[in-house]
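1. Predicted model, plus sequence, below.
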Amino acid sequence: MGNLLRRKDAPSLNALRRSPFGLLGASTRDGKREIGSLAEEKSLTLDADECAKARQDLTNPRTRLSCEIAWLPGLSPKRANEYCGLLDRDLSAFFEAAQSERALVGANLLSAGIEVLGADASNSIWANVILKLGQFAGEVDSANVLRTLNEDRKIAGFSEVQSEEIVASDFSERMRVYKDVVRDALNRMDTSQMLDVVHRVVDSATKSGVHQAPVLIDDFMDSYALDARPFLEKEAANVSKLVEAVKNAAPQGGAPIKTLLDKLGKVVANWSRVAHPVQMSMKSRGMVHDLSRDVGFEIRSLAIDLCNEHDAIIEAQQITDLLREHFSQFPELAERVGDDASQLEKIATRRSFAELLKPIHTLCQEAAGSAERHPLDADNQGQRIITNAPGLLTVAERSGAPIDLINEAKDHIAFAICACAVECGNKTAKWRPCQVLLDAANIFAVGPQAKERVTKNLEIVRRNVRIYGGLEPIDSAPSLYTFNGCGVTLYGNTDHDRESGSYMATYYFVLIGIPIFPICRYRVIPTGANSYRFLGKGPLRVFDKWHIAISAFVILFAFMHK
């Protein structure tokens, strides 16, 4: 432990020498006669009244047990006397030897050593000594102590202690002494050292709030929390004032809000130095430090307000980082703050790549807008997106844009191409170009919504290609009129489509009911006797063209031989 020094204002008699056993130089195996002789002998050099009291305490059954528990039961008189000397001469050797003793003896030795140890000892040494005292105190077993005391009492001629409960009751009083010794030692330190030592003790004893500490450490921390309460309440009020000030300054932003957030950070850091040990101690026992929790949630509400109401993402992130650093002992708050941090990071990332992805959004917006204004040019606008979008995506990917933003951009491209295809189809009824656009949009689509929209439109267009492919749109149905078998009408039914119930029919000029010239073909849906719904106009087949040629030849031949 190095060269440990006694504090300058240490008592003239250390705790071991002030004990009735230490004062008289008696052992736990000395009987009443030996104790009386020692008291008479010591009264010649020490205060006679103190010696008489020590004699009374050691020979009175009501007080002897407390003296025994506060002494070094089971230790030889020589060894006990050596410890009394070491405590005055060599603290380093004293502490080193004390840590190898049995629980009760070790606890009493360390308690006596802590009383005189100088505050200039390192914080780690202070923390280790206090932790060892807590460990020893927690390991004291009433049954073992009872057995040791009764062994010595039998030799000394005193009546035996009858139950472990009596031993446990007296030891609980001894625990209060340990707690007071530690508390007094910490109070002799400056604030910074005291807070660091307390933090080290609680952090190590609880494994950062995961395991419950020894009883002595918990008892001490309860006293610490009670002492710290006024300070924490005052600082909580300061936090509330700063939170309100930040909210009021948020609409203006700039330097004022930055100054206020810096002040808030300092107040919270100062708060945390005092509150963090309490938070860990209570967490290790399955409890929550209500004041810290309330302050944490109040600060979180500020981060949410700055983000949602004022779009102050950087400031909200600053507050979230503050919460993650100082309020990690509250699982519920920590989980929510973690989610907040994740969302804020996503927003910040989006903004950092906004300019990089802007050309893609501009291209899609311009093309879709132009297609809506000029539907006849919608196919060209869709092709414009298909041509230029891949290069812009490559630039964004190489610049490190996150995959989720890249996928969103791809969906935006798919939606824009789909919009162009819809405008093209609705205005021109040219379904094959629409299918080309939608096939390209399907390649870009990533998200479920984009895929669903493209797929749905693609199904419609493919159906229209199947039904209307190669047809010219018509403004009105052709005339189906004949008089005495002469006029125009429909003949035939080929290329049936089961889904629509349509088929291709040839539009003929007829003479005496005989089809003479095929004029064109229509896709129709029969709606009744010689009644149809016309879907579009199609080209003549090769057969129809041969029909025209033969009919023309027959008519010409008839005229030539008339």
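-> Happy to help now that I have it.
2. make it CA atoms for all contacts and neighbour counts henceforth
-> OK.
3. So for Ile314, what's the nearest residue that isn't a sequence neighbour?
-> Ala348 (7.8 Å; C-alpha to C-alpha, 6 or more residues apart in numbering).
4. need the longest strand for this protein.
-> If you go by DSSP state E, the chain has its longest strand at strand 514-528.
5. which other residues reach the helix or strand that comes right after that strand?
-> On the C-terminal side of strand 514-528, the nearest following helix or strand under DSSP states H and E is strand 531-538. If you take C-alpha atoms under 8 Å, 6 or more residues apart in numbering as the criterion, strand 531-538 is touched by 468, 470-474, 477, 520-527.
6. Show me just the buried residues among the residues you listed.
-> Buried members of those, scored by 16 or more other C-alpha atoms under 10 Å, are 468, 471-472, 520-525.
7. Okay, now the unreliable bits of this protein?
-> Within the chain, the ranges that satisfy pLDDT under 70 run 1-2, 469-470, 562.
8. domains of it?
-> If the domains of the chain are taken from automatic domain parsing, they occupy 15-187, 216-352, 354-468, 482-560, with pieces of a single domain joined by a plus sign.
9. picking that back up, neighbouring strands of the longest strand of the chain in the sheet, and parallel or not?
-> Using DSSP bridges, strand 514-528 pairs in its sheet with strand 502-511 (antiparallel), strand 531-538 (antiparallel).
10. now the ones you listed as a markdown table including distance to Arg463 and mean neighbour count?
-> A markdown table is the format used below for these (distance: least, C-alpha to C-alpha, whole Å; neighbours: other C-alpha atoms under 10 Å):
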| stretch | distance to Arg463 | mean neighbour count |
| --- | --- | --- |
| strand 502-511 | 12 | 21 |
| strand 531-538 | 13 | 18 |
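11. Format the ones you listed as a markdown table; extra columns: distance to Ile385.
-> Putting these into a markdown table (distance: least, C-alpha to C-alpha, whole Å) gives the following:
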| stretch | distance to Ile385 |
| --- | --- |
| strand 502-511 | 36 |
| strand 531-538 | 30 |
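12. check which helix or strand covers the residue sitting nearest the centre point of the chain.
-> Nearest to the centroid of the C-alpha atoms of the chain, with distances taken as C-alpha atoms, centre = their mean, sits Gly338, at 2.3 Å. Assigning secondary structure by DSSP H and E places Gly338 in helix 331-352.
13. now do His496
-> Using DSSP H and E, His496 sits within strand 486-497.
14. tell me the angle of that strand relative to strand 502-511?
-> Computed with axes from the mean of the first three to the mean of the last three C-alpha atoms, to 10 degrees, the direction of strand 486-497 lies at 160 degrees from that of strand 502-511.
15. List the buried residues of strand 486-497.
-> So, applying 16+ other C-alpha under 10 Å, buried residues of strand 486-497: 487-490, 496.
16. Name the SS class of Leu480, please.
-> coil (DSSP: H, G, I helix; E, B strand; the rest coil).
17. Quick one: residues contacting it.
-> Residues in contact with Leu480 (C-alpha under 8 Å, 6+ apart) are 487-490.
18. let's go with 6 Å and repeat that
-> Residues counted as contacts of Leu480 (C-alpha atoms under 6 Å, 6 or more residues apart in numbering) are 488-489.
19. Could you pull up phi and psi at it?
-> phi -120, psi 80 (degrees, to the nearest 10).
20. Identify the bridge partners of Thr506.
-> Beta-bridge partners, per DSSP bridges, of Thr506: Tyr491, Arg521.
21. I'd guessed it sits against Arg521; true?
-> Yes: applying C-alpha atoms under 6 Å, one finds Thr506 in contact with Arg521, separated by 4.3 Å.
22. Spatially nearest residue to Ala316, not counting backbone neighbours?
-> The shortest distance from Ala316 to any residue other than its chain neighbours is 4.5 Å, reached at Ala303 (C-alpha to C-alpha, 6+ apart).
23. any idea which element that neighbour lies in?
-> When secondary structure is defined by DSSP H and E, Ala303 falls within helix 290-310.
24. hmm, back to that, among the domains of the chain, which comes closest to Leu5?
-> Taking C-alpha to C-alpha as the measure, the domains of the chain were each checked against Leu5, and domain 15-187 came out nearest at 5.6 Å.
25. Just the endpoints, please. Distance across the closest one?
-> 18 Å (C-alpha to C-alpha, to the nearest Å).
26. buried set for the helix ranked longest in the chain?
-> With DSSP state H applied, the helix covering the greatest number of residues in the chain is identified as helix 215-249. Going by neighbour count (16+ other C-alpha under 10 Å), the buried part of helix 215-249 is 216-218, 220-221, 224-225, 232, 235-236, 239, 242-243, 246-247, 249.
27. To Met189, which of the strands paired with strand 514-528 lies closest?
-> Within the strands paired with strand 514-528, the stretch nearest Met189 is strand 531-538; the backing value is 96.6 Å (C-alpha to C-alpha).
28. Alpha carbons of the following helix or strand past the closest one, as CSV, please.
-> With elements assigned by DSSP H and E, the helix or strand that comes after strand 531-538 is helix 542-560. Output for helix 542-560, consisting of C-alpha atoms alone and laid out as CSV, is shown next (Å, rounded to 0.1, in the frame of the first residue of the first chain):
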residue,chain,number,x,y,z
VAL,A,542,-53.0,-11.0,-95.1
PHE,A,543,-56.1,-13.0,-95.7
ASP,A,544,-58.2,-9.9,-95.8
LYS,A,545,-55.8,-8.3,-98.2
TRP,A,546,-56.1,-11.3,-100.5
HIS,A,547,-59.8,-11.0,-100.2
ILE,A,548,-59.7,-7.4,-101.4
ALA,A,549,-57.5,-8.3,-104.4
ILE,A,550,-59.7,-11.2,-105.4
SER,A,551,-62.8,-9.1,-105.1
ALA,A,552,-61.3,-6.3,-107.1
PHE,A,553,-60.2,-8.8,-109.8
VAL,A,554,-63.6,-10.4,-110.0
ILE,A,555,-65.3,-7.0,-110.3
LEU,A,556,-62.8,-5.8,-113.0
PHE,A,557,-63.2,-9.1,-114.9
ALA,A,558,-67.0,-8.7,-114.8
PHE,A,559,-66.8,-5.1,-116.2
MET,A,560,-64.4,-6.1,-118.9
